[in-house]
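# Next input, structure requested:
(chains A, B, C and D)
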Protein chains: 4
Amino acid sequence: MQQLMSKESLDDFLKKEFPQVSKNFKILTASDQSLSMLMYITTEHLRPGATVSGPTMFLLADVTFYLATLSIIGPKSLTVTTNCSINFLRKPNEKNLISEARILKLGKTLSVGDVLIYSEDIDKPVAHASLTYSIPQK
Amino acid sequence: MQQLMSKESLDDFLKKEFPQVSKNFKILTASDQSLSMLMYITTEHLRPGATVSGPTMFLLADVTFYLATLSIIGPKSLTVTTNCSINFLRKPNEKNLISEARILKLGKTLSVGDVLIYSEDIDKPVAHASLTYSIPQK
Amino acid sequence: MQQLMSKESLDDFLKKEFPQVSKNFKILTASDQSLSMLMYITTEHLRPGATVSGPTMFLLADVTFYLATLSIIGPKSLTVTTNCSINFLRKPNEKNLISEARILKLGKTLSVGDVLIYSEDIDKPVAHASLTYSIPQK
Amino acid sequence: MQQLMSKESLDDFLKKEFPQVSKNFKILTASDQSLSMLMYITTEHLRPGATVSGPTMFLLADVTFYLATLSIIGPKSLTVTTNCSINFLRKPNEKNLISEARILKLGKTLSVGDVLIYSEDIDKPVAHASLTYSIPQK
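Okay, the predicted model is just below:
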């Protein structure tokens, strides 16, 4: 696989297409094999029990795999999630989250892979998501 | 199965435990078999393409199955999602969402079931989620 | 949705395309909304603990949703499973299994739905599977 | 994590507890982090289109993660699958399959992880499964 969008192009794309949420995210690394992000956690992402909410971890997995796919296929913003299966493994801290996406298959119509999510100061992953994205045919 | 919390108790619980998000949700019906909710969609829930974002539908599925479980087991707020597999079926309108939860198993440690999500003015479901919640043992 | 294959055509298709396994299955009902099957359980399907193995239930879910999809789109035998998420809910008896498939979306390229699996003499479902099939484009 | 069962003990366990199927499987490597197996493919595992059936890949994923879990917790044969989400990525050859399991969480009651499945002579994985096993409490 060859990378069509660099870390910088992905940053610009995120700011332009998702202005409301882009401030919460930072792309850490982007290669043709994997993509890693940081998500800044604020009070709106917390839930009772001093932890981060499940939908917040889902959001991070979804954004990370979306950008990992676009880094290979280019800026097709209408690429959409068709399936996500997520396992919540451990209680995160009230701290920032870090994600690591891996693409397992990139075909003409589907992109399939997984994302591990880590919480700052916890060694092992707090969540693991498998995702499928549908790629628009023009 | 017998219902331990009525629609009114669930409403109060939601307001007390999740003050930031409770204003977006309204419980429509709650019985010992199923629970239905309305989610008010505002601009923060939209994404490019005049549609509602995937994480918003995940959030609604998660909250609906959580309350469906609590309606049977009582107000154990530390009940947590361990797995969710969600299929996105159709593009929702920029309108409110309606959810319908069904409990398939309620054991001592796990609650398992599914949630259908509808978009106002679209006949068929826009998403289908299967969820597992872990019930805290005291 | 309109039904392209009747229960009888599906029976013939199963015998011709899957001669090794078709003797284990019987289609009970087939309409444009749902399809139900019986699976005859023999010693090869059992596992320690006097129960039916997980892969046997997966096989039944897979065959049932495959035939439910073909009943609408016609005998496209190269239709393939792309995703299955299955929850095992209760321990089945060492008895026959019954399945009920429901189609939630049938688009041009994907068929999405779920299957409930019951064990004879147990009221509630023993497994619940969500499946996605990819439909070949010619 | 510390390994309680070596490759040899796992081999013996498989032969004793699953005599009907053990001849189809061979454990390649077993460490405290991962476990890899070979599955011998015979005509009973094939399906139309010169490929291996989906339920066969599910079976291999299930057995591999089961043994990966037992290698850490010891020979608790009543450990059962509660959830499996599997993505089928590419068409396998009519050849043997190889699996690689990874444990992401091993708690008191649940073991969670994933399995990649390869087909001989194909570089990239043909399937990816995420599994949850419930560990019996005595």
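
# For the one helix or strand in chain A whose mean pLDDT sits lowest, which strands pair with it and how are they oriented?
For chain A, using mean pLDDT, DSSP states H and E, the weakest element among its helices and strands is strand A:46-47, scoring a mean of 84. Sheet pairing for strand A:46-47, assigned by DSSP bridges, gives strand A:51-52 (antiparallel).

# Following the strand it pairs with in sequence, what is the next regular element?
helix A:54-73 (DSSP states H and E).

# any idea how far chain B is from residue A:126?
Distance of residue A:126 to chain B, given as CB to the nearest CB, to the nearest Å: 12 Å. C-beta: built from backbone N, CA, C; applies to glycine.

# what's the burial count for that residue?
Residue A:126 has 21 neighbours, counted by other CB atoms under 10 Å in any protein chain shown.

# Now do the same for it: its pLDDT.
pLDDT, residue A:126: 98.

# One more: residue A:11?
Per-residue confidence (pLDDT) for residue A:11: 93.

# how near is the closest residue to residue A:67 other than its chain neighbours to residue A:82?
Once flanking residues are discounted, residue A:67 sits nearest to residue A:10: 5.3 Å by CB to CB, 6 or more residues apart in numbering or on different chains. According to CB to CB, to the nearest Å, residue A:10 stands 22 Å off from residue A:82.

# With residue A:121 instead?
34 Å.

# For these two, indicate the residue with more neighbours.
In this view residue A:121 and residue A:82 are compared by other CB under 10 Å, and residue A:82 has more residues nearby, 23 against 9.

# list the contacts for the residue nearest the centre of chain A?
Centroid-nearest residue in chain A: residue A:64, 1.6 Å away (criterion: CA atoms, centre = their mean). The contact partners of residue A:64, taken as CB atoms under 8 Å, 6 or more residues apart in numbering or on different chains, are A:35-37, A:99-101, A:115.

# So which of those belong to strands?
Using DSSP state E, the members of the contacts of residue A:64 that fall in strands are A:35-37, A:99-101, A:115.

# ok, back up a step: contacts for the least confident helix or strand of chain A next, please.
With CB under 8 Å, 6+ apart as the criterion, strand A:46-47 contacts A:52-54, A:94, B:18.

# make it 10 Å
Outside strand A:46-47, the residues within contact range by CB atoms under 10 Å, 6 or more residues apart in numbering or on different chains are A:52-56, A:92, A:94, B:17-18, B:20-21, B:77, B:80.

# Who wins on neighbours among these?
Taking other CB under 10 Å as the neighbour criterion, residue A:92 ranks highest of the contacts of strand A:46-47 with 28 neighbours.

# Now do that residue, the pLDDT please.
97.

# ok, now residue A:138?
Looking at residue A:138, its pLDDT is 65.

# Same check on residue A:22?
Per-residue pLDDT puts residue A:22 at 89.

# Also residue A:7?
Predicted confidence (pLDDT) for residue A:7: 94.

# Count the neighbours of it for me.
The tally of other residues near residue A:7 (other CB under 10 Å) stands at 15.

# Spit out the contact partners of it.
By CB under 10 Å, 6+ apart, residue A:7 lies in contact with A:27-31, A:35, A:67, A:71.

# Now residue A:45: closest residue in space that isn't a chain neighbour?
Nearest residue to residue A:45 in three dimensions, chain neighbours excluded: residue A:56, at 4.2 Å (CB to CB, 6+ apart).

# phi, psi of the residue of chain A found nearest chain D?
Relative to chain D, the nearest point of chain A is residue A:85 (3.8 Å; CB to the nearest CB). Note on residue A:85: its backbone torsions stand at phi -120, psi 120 [degrees, to the nearest 10].

# Now compare the contacts of residue A:7 and name the two farthest from each other.
Within the contacts of residue A:7, A:28 and A:71 form the most distant pair, 12.9 Å apart (CB to CB).
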